[in-house]
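K.L.:
have a look; sequence and predicted model below, questions after that.
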Amino acid sequence: MKWHKDTLIVQTRGKGLYPFTEPVTRHIQAWSIGEGMCYLYIQHTSASLLISESYDPTAKIDLETFLEKIAPENQPWYRHTLEGPDDSSSHIRAMLTPVHLAIPIDNGELSLGTWQGIYLFEHRTHAQHRQVLLRCLELFS
Amino acid sequence: MKWHKDTLIVQTRGKGLYPFTEPVTRHIQAWSIGEGMCYLYIQHTSASLLISESYDPTAKIDLETFLEKIAPENQPWYRHTLEGPDDSSSHIRAMLTPVHLAIPIDNGELSLGTWQGIYLFEHRTHAQHRQVLLRCLELFS
Amino acid sequence: MKWHKDTLIVQTRGKGLYPFTEPVTRHIQAWSIGEGMCYLYIQHTSASLLISESYDPTAKIDLETFLEKIAPENQPWYRHTLEGPDDSSSHIRAMLTPVHLAIPIDNGELSLGTWQGIYLFEHRTHAQHRQVLLRCLELFS
């Protein structure tokens, strides 16, 4: 049994879903993990992680539009506006989507479903430097 | 320490919560796990997992109605409609509910709360063949 | 490798976010865990866990207000009202927020982001006795 760790950095350029499968699968291959669990943890309160449809790009657009509709910026009842009009809406979106993921590794590969992709979900309007902790528990090599 | 794995198949018949506690507890007993962690991972983007009230069946109905209200089919702004009117609404519902679960195992049993049950949440209108990965980390037998 | 376990009790006094970081970090220090994973699991269907903004208290208020708006009590379509007007709204809120968390431990500390705090999210109106399972997998001391 082995424990592998690294920190993945993503530079975002405004709200939306950023593809994140590739850096994760690349690490698992580099570490030669045969069987185990892959954990992802995002160290932010205004961005999150998501596993969703990776084939048709319109799926991503609808997920973003949905969050714009239920958690828009600039609501008159927002009290948390210190860091701008996207402040509370970004925490609400982060509450509704995962801060961590745990995905099995089998036969040397991440066991995503056929249409699943990992995404980093940016909820801020402006560019951000995002940090995701990658941890892998290797059961067999 | 031991690693146990299996794939659980669920045949769904339209939208709703399908009880899923029994196949998980059956595996933990068959594997004779004393202490550890149980991981569930669903390999789909239009179905999810949920831990919720298992006693009163009306609780389930209200959860389903809530999702029908906030993420209905056939919205004029949906761009992702390739697989039918339930396409985007099913991805939105999957975004708002868990793709993976991690539940402690203690004294040979899954440590669910008194009223908790595990469910597979189908978000598609038509019958589907769903696949859930079950992984258990056995610390002590 | 070692497995640490305890049950954390929280006495709530109505709806809202209750700070929960301190009891978790205290246990990790007491157990002298150097590297590993920390798992939290709440054994209830009308309360949940959340990682969110811990600096500005108005952030918390907006998250609570948001849930009051999208999942209010006393909706005419609620069928699950056995335990009072907050019954279905509390299960809906629990569905939209995490039942479990998994956070890496590095250099003897929980790897929360700078602004992240752990909270227990109470969705019931009346005071409740809540139980959270804490499990830590220690890879290195």
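P.N.:
Received the coordinates, thanks. Predicted model, so just to flag it, every value in this text is computed and none were measured.

K.L.:
only C-alpha atoms for contact and neighbour calcs from this point on.
P.N.:
Will do.

K.L.:
longest strand of chain A?
P.N.:
Secondary structure of chain A per DSSP state E: the longest strand is strand A:128-140.

K.L.:
wait, A:H123 touches A:H44, no?
P.N.:
No - with contact defined as CA atoms under 8 Å, A:H123 does not count as touching A:H44 (10.4 Å).

K.L.:
more neighbours: the two, which one.
P.N.:
The neighbour comparison of A:H123 against A:H44 (other CA atoms under 10 Å in any protein chain shown) goes to A:H123, with 27 against 22.

K.L.:
which ones are touching the more buried one?
P.N.:
Each residue near A:H123 by CA atoms under 8 Å, 6 or more residues apart in numbering or on different chains is listed here: A:G14, A:K15, A:G16, A:S46, A:A47, A:S48, A:D86, A:S89, A:S90, A:H91, A:R93, A:A94.

K.L.:
bridged to the residue nearest to the third one when sequence neighbours are not counted, which residues?
P.N.:
Spatial nearest neighbour of A:G16, excluding adjacent residues (CA to CA, 6 or more residues apart in numbering or on different chains): A:E122 at 5.3 Å. Here A:E122 shows beta-bridge partners A:G16, A:A47, assigned using DSSP bridges.

K.L.:
I figured A:E122 hits A:Q11, correct?
P.N.:
No - the pair A:E122 / A:Q11 is not scored as a contact, 9.9 Å apart, by CA under 8 Å.

K.L.:
who has more neighbours out of the two?
P.N.:
For the pair A:E122 and A:Q11, the greater number of neighbours falls to A:E122 (28 against 12), based on other CA under 10 Å.

K.L.:
so which residue of chain A comes closest to chain C?
P.N.:
A:Q43 (4.2 Å; CA to the nearest CA).

K.L.:
ok, longest helix in chain A?
P.N.:
Looking across chain A with DSSP state H, the single longest helix is helix A:57-70.

K.L.:
angle of it against helix C:57-70?
P.N.:
Helix A:57-70 and helix C:57-70 meet at an angle of 100 degrees, taking axes from the mean of the first three to the mean of the last three CA atoms, to 10 degrees as the criterion.

K.L.:
outside of helix A:57-70 itself, list whatever touches it.
P.N.:
A:G16, A:L17, A:E53, A:R93, B:W77, B:Y78, B:R79, B:H80, B:S88, B:H91, B:I92, B:M95.

K.L.:
the fifth one: neighbouring residues, count only.
P.N.:
For B:W77, the neighbour count with other CA under 10 Å is 9.

K.L.:
got it, and the first one?
P.N.:
A:G16 has 20 neighbours, counted by other CA under 10 Å.

K.L.:
and for the third one?
P.N.:
Neighbour count for A:E53, taken as other CA under 10 Å: 22.

K.L.:
can you select the buried ones from the contacts of helix A:57-70 in PyMOL?
P.N.:
Restricted to buried positions by 16 or more other CA atoms under 10 Å in any protein chain shown, the PyMOL selection for the contacts of helix A:57-70 reads:
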select buried, (chain A and resi 16+17+53+93) or (chain B and resi 78+79+80+88+91+92+95)
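
K.L.:
turn the contacts of helix A:57-70 into JSON lines, including distance to B:R130.
P.N.:
As requested, the contacts of helix A:57-70 are exported to JSON lines (distance: CA to CA, whole Å):
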{"residue": "A:G16", "distance to B:R130": "28"}
{"residue": "A:L17", "distance to B:R130": "25"}
{"residue": "A:E53", "distance to B:R130": "15"}
{"residue": "A:R93", "distance to B:R130": "28"}
{"residue": "B:W77", "distance to B:R130": "28"}
{"residue": "B:Y78", "distance to B:R130": "25"}
{"residue": "B:R79", "distance to B:R130": "25"}
{"residue": "B:H80", "distance to B:R130": "21"}
{"residue": "B:S88", "distance to B:R130": "18"}
{"residue": "B:H91", "distance to B:R130": "15"}
{"residue": "B:I92", "distance to B:R130": "18"}
{"residue": "B:M95", "distance to B:R130": "17"}
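
K.L.:
restricted to helices, list the contacts of helix A:57-70.
P.N.:
A:R93, B:S88, B:H91, B:I92, B:M95.

K.L.:
can you tell me the helix or strand for whichever residue of chain A sits closest to chain B?
P.N.:
When scored by CA to the nearest CA, chain A has A:G113 as its residue closest to chain B, at 4.2 Å. Using DSSP states H and E, A:G113 is not contained in any helix or strand.

K.L.:
so it makes contact with B:H44?
P.N.:
Yes - shown here, A:G113 and B:H44 form a contact pair, counting by CA under 8 Å, at 5.8 Å.

K.L.:
how about the contacts made by A:T125?
P.N.:
A:T125 sits next to A:R13, A:G14, A:K15, A:D86 when contact means CA under 8 Å, 6+ apart.

K.L.:
now name the helix or strand holding it.
P.N.:
Per DSSP H and E, there is no helix or strand for A:T125.
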